[in-house]
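> Give me a model of this one.
(2 chains)
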Amino acid sequence: MSPSVAELLLQRLERTPPGPEGGLCSLEAAAALGLDHQTLVGAVKSLQALGEVIEAETRATTRWELSAEGEEVLRDGSPEVRLFRSVPSEGLPQSDAMKLPGAQVGFSKAMANKWLRLDKGAPGGPRIFRAVDAVQDVVQSSLRQVQEGNGSSLSERERTDLKRRKLLLEVTLKSYWIRKGSAFSTAVVRQETDLTPEMIATGSWRKLPFKAYNFSALGLPPTCGHLHPLLKVRSQLRQIFLEMGFTEMPTDNFVESSFWNFDALFQPQQHPARDQHDTFFLQDPAEAPELPANYMARVKKVHSQGGYGSQGYKYEWKVEEARKNLLRTHTTSASARALYHLARQGKFTPVKYFSIDRVFRNESLDATHLAEFHQVEGVVADRGLTLGHLMGTLQQFFTKLGISKLRFKPAYNPYTEPSMEVFSYHEAPP
Amino acid sequence: MPTVGVKRDLLFEALGRSYTDEEFNDLCFEFGLELDEVTSEKDIISKEKGEGKAEGASETVLYKIDVPANRYDLLCLEGLVRGLQVFKERINLPRYEKIIPAKGEGQKMIITEETVKIRPYAVAAVLRNITFTKERYDSFIDLQEKLHQNICRRRALVAIGTHDLDTISGPFTFTAKAPSEIKFKPLNQSQEYTASQIMDLYRTDSHLRHYLHLIENKPRYPVIFDSNGVVLSMPPIINGDHSKISLKTRNVFIECTGTDMTKAKIVLDIIVTMFSEYCEKQFTVEAVEVTYPNGKTHICPELAYRKEKVKPELINKKLGISETPSSLAKLLTRMCLSSHVTGNGNNIEVEIPPTRADVIHACDIVEDAAIAYGYNNIQMVIPKTYTIANQLPLNKLTELLRLDLAAAGFTEALTFALCSTEDIADKLGMDISATNAVHIANPKTAEFQVARTTLLPGLLKTIAANRKMPLPLKLFEISDIVVKDPTKDVGARNYRHLCAIYYNKSPGFEIIHGLLDRVMQLLEVPPNEENGYTIKATEGSAFFPGRCAEIFARGQSVGKLGVLHPDVITKFELTMPCSALEINIEPFL
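Below you'll find the model as predicted:
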């Protein structure tokens, strides 16, 4: 088998004299071996991975190269010399001169070098004349120096000048200074990547060298399915409710009648409170065919005349308005239904109900508001409950979420009184 | 929640002290208000029209305060200050007095029969010897606008007109006339117009054009004029210029007309209680006699004080506190509900002023006691209610299936329940009438036309939005769809569907089929016809011919699976083959 690049390199390296001077320049080594520099760099890298076989120090060398424009000047001469040569003994009108290729740059340079003079008052317009008989194309010869590899023979100022005129490019070359390492040997040993069943069977693993594992890279991500983040929160909240003894209410009806969504919840028919929730009304089915007759009569009475200790709203309550179907604006309509069934049960039993489901609002959308979102609702029905119990229940609920500091603020809801908004806060760190 | 804008410095001046923004925020929090924004006129114009237009605008600090929707007495600076001062016990709630003039001396308003069909109710009152400043005048106008927007339901239920009494002379007549018979110079105009011309005049007015429809197509328009035929106003559109109020006005005639008597009375009460503060005889209102078509007279304004008795135990029990009756009475008084202990010290008599029309039940009084006590001072306790929790079987099944589908390597999506008609019909090769879908009446865009009858479009749109993700894409969703159902009390119902799709360079029908087998295995439904499930080849408009099957479980069709039809794939802007499964899981409960 022909030796690999790495092996060739090692062989070359062996021949270098010992001591700090002994070493190879990667560029020279690549040239000597007839290889592309990058191939050699690859070999250097693979040798480095084997441990202390070699030492490689990065070095940067700068080189000078001609730009594309620079190549052009080398071939045809600099613009100022070309222009000079185009001016005959009787001179050339400036307007004509400017039409020649490279004239713009060439003219200003030639004027600066005092090779040409401009007679502004000449008949027929400004005219250019030769100011000297002959010139030397210093720029071209400088570029030739660079081309031949003698860029360093030019002065700093000349190089800067040529660079500014975009004729010269400074190129940085990264190379390596390669020396023998502490574990140097000319043999390139192939390393195993992984344990195989044969190695286990034969016990050959005891003698084989293994490649170092890269612990700083990430592993392979497992191909698994995922649950939706919002629904994971829903599961978490559901779990909290169940832990607190709350029973889940049925909420599997997105379509609701205005009766259950508004009227049964004491939200008046023609009132801004009903607009608080901008609502999706239905075209089809537009009206709810069935509403509970006796209950509806009681609801009508309280809205229009009062009752159960209330003054009522004292307006004309219309059943057509209550029949209007909509997409529910809150899950409280489901709670109303649940409490209605509880009330019809005969003997009262205390209950704790909850639901987490989707609601719909016809409001303008923005970065934090969609037309559909989820609401979390809880109801406790028992004798002797107080506002303190409500606050305590909320406290327990949020503590289970990791939120323990709560503040309560008075608010307004057509169907709750006292009403409150809950805020949570963190103490500022000392 | 209505928002009231008040000049901060005016507010502090009236409150008698200044606050930092934070202190005022806390005060609002306690009382049930919200300091929504601290801004200035300059800031507002800057935000709406750009900084250039804001040059030269006022930089006076404005507080935007959110006020509960049922508190009409807090909709102006005067009311806010009064409420807060009583809350902080710096002043006592003023007593509003109705002054009934001697016979023959008071103002009268006569309502004729013609109003019955268009705007039957009216109430009126007079504020005597009032002193306006620019701020008070602006506040007066703003309150009317706020009331118009809220309780008046954008002037449909009640419209307010305010007039300089010294420019007109009663008795006043409230009637309805044909548009051609009404002619007057509207507020701030330079010439007279007939009512029909006024409709045209204000058709493009950004503010008034929204109210024209309330009377435009009626045969008669409402109009109020005085004994000399001078038009006061044409409610609900515009007042007359003749009786307009200026800073020099000393006597104000206020009329509220509308279609809801209760609300008209409340609105009048609010205006007069708020601004009688600036009358020479503070907090007095002069009554007006209103005569109805049937001859009955009514003295306005109502300004009723209502007395209710509340047991202290009730308040203590509802809140979970134990305060003495006298301290409870004090708490209520701080909330503008003047109270004192009566009976043998075991009852509290609460007086509800005309500014608190929101108090309609004992629980409202209980709430006010709680606010004055301070919600955050109430001790939190856990209810002793002992209950065993039960999961809803449908949700329990959903949770179990979700976990196993994710374990099978599928990713859960959460998609919208509302979509366009194309999404559930045309794009799936069906006609909308065949879908039995629920249609929305007022969608803002096409994306909200119908409620979904299948989960498939949502999942396909999710894939379309994630085309750059590495293949295969395996999604699922277990969620509700909606269909019409005449047997339900509302005429529609939800069904819980499970939908899964596989999107890759090859359709992967066997993978979706395998998923179905796995789901059935989890549901303990064996793969046989007698007591389990089978799949039978069928045709489906959304599926590729020859690659579609219907799923039957225990004799009932529960859904379909197959390779999606290329038309479906392209209509949803997808490019790879795709197979899908959708079933109703409710039969498996």
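> where in the stretch 101-250 of chain A is pLDDT low?
Applying pLDDT under 70 to the stretch 101-250 of chain A picks out residues A:151, A:183, A:186, A:188.
> Show me what from it comes close to chain B.
Listed as neighbours of chain B in the stretch 101-250 of chain A under the rule CB under 8 Å from any CB of the partner chain: A:223-228, A:230-231, A:235, A:238, A:241-250. Where C-beta positions appear, they are placed from N, C-alpha and C, glycine not excepted.
> Write the ChimeraX selection for whichever of the residues you listed are buried.
Buried subset of these, written as a ChimeraX selection, criterion 16 or more other CB atoms under 10 Å in any protein chain shown:
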select /A:225,227,228,231,238,241,244,245,246,247,248,249,250
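> can you give me the offset of stretch A:359-370 from its chain's centre?
26 Å (CA atoms, centre = their mean, to the nearest Å).
> same question but for stretch B:89-99, I mixed them up
On CA atoms, centre = their mean, the centre of stretch B:89-99 falls 31 Å from that of its chain.
> So which bits of it are buried?
Buried-residue list, stretch B:89-99, by 16+ other CB under 10 Å: B:93-94, B:96, B:98.
> Now do the strands in the stretch 101-250 of chain A.
A:116-119, A:127-130, A:168-180, A:247-248 (DSSP state E, counting those that start in this stretch).
> now swap in the stretch 301-430 of chain A and tell me
A:325-327, A:351-360, A:372-381, A:406-413, A:416-424.
> Make TSV from these and add distance to residue A:134, mean neighbour count and mean pLDDT to it.
What follows is the strands of the stretch 301-430 of chain A, written out as TSV (distance: least, CB to CB, whole Å; neighbours: other CB atoms under 10 Å in any protein chain shown; pLDDT from 0 to 100):
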stretch	distance to residue A:134	mean neighbour count	mean pLDDT
strand A:325-327	94	27	93
strand A:351-360	91	22	96
strand A:372-381	87	17	96
strand A:406-413	94	18	91
strand A:416-424	91	17	93
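> For these, give me a markdown table that also has distance to chain B.
Formatted as a markdown table, those follow (distance: least, CB to the nearest CB, whole Å):
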| stretch | distance to chain B |
| --- | --- |
| strand A:325-327 | 6 |
| strand A:351-360 | 5 |
| strand A:372-381 | 6 |
| strand A:406-413 | 3 |
| strand A:416-424 | 4 |
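> Export these to TSV and append columns for distance to residue A:93.
Formatted as TSV, those follow (distance: least, CB to CB, whole Å):
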stretch	distance to residue A:93
strand A:325-327	84
strand A:351-360	82
strand A:372-381	79
strand A:406-413	88
strand A:416-424	85
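> what about the strands in the stretch 401-550 of chain B?
Under DSSP E, counting those that start in this stretch, the stretch 401-550 of chain B gives strands at B:411-412, B:418-419, B:439-440, B:450-451, B:473-484, B:492-503, B:533-537, B:543-553.
> so which of the strands of the stretch 301-430 of chain A gets nearest residue B:549?
Closest of the strands of the stretch 301-430 of chain A to residue B:549 is strand A:351-360, at 30.9 Å (criterion: CB to CB).
> Could I get the phi/psi values of residue A:95?
When quoted as degrees, to the nearest 10, the phi and psi of residue A:95 stand at phi -60, psi -40.
> Assess the claim that it and residue A:125 are in contact.
Yes - Residue A:95 is within contact range of residue A:125, at 6.2 Å (criterion: CB atoms under 8 Å).
> Look up how far chain A lies from residue B:329.
Per CB to the nearest CB, to the nearest Å, residue B:329 is found 18 Å from chain A.
> got a list of what the closest residue to that residue other than its chain neighbours touches?
Leaving out its chain neighbours, the residue that sits closest to residue B:329 by CB to CB, 6 or more residues apart in numbering or on different chains is residue B:339, at 4.1 Å. Contact analysis of residue B:339 by CB atoms under 8 Å, 6 or more residues apart in numbering or on different chains lists B:328-330, B:332-333, B:348-351.
> Within its sheet, name the partner strands of the helix or strand in which residue B:339 is found and how each one runs.
Using DSSP states H and E, residue B:339 maps to strand B:338-342. Looking at strand B:338-342 with DSSP bridges, its partner strands are strand B:347-352 (antiparallel).
> And for the partner strand, what's in contact with it?
Against strand B:347-352 from outside (CB under 8 Å, 6+ apart): B:305-312, B:315, B:325, B:328-329, B:332, B:337-342, B:359, B:365.
> In helices only, show me those.
Here DSSP state H is the test, and these give B:312, B:315, B:325, B:328-329, B:332, B:365 as lying in helices.
> Residue 115: neighbouring residues, count only.
Using chain A. Number of residues near residue A:115 (other CB atoms under 10 Å in any protein chain shown) recorded here: 20.
> should've been chain B
Residue B:115: 22 neighbours (other CB under 10 Å).
> which residues does the closest residue to residue B:531 other than its chain neighbours contact?
In this structure, residue B:531 finds its nearest non-sequential neighbour in residue B:554, 6.5 Å apart by CB to CB, 6+ apart. Residue B:554 is in contact with B:525, B:531-533, B:587, counting by CB under 8 Å, 6+ apart.
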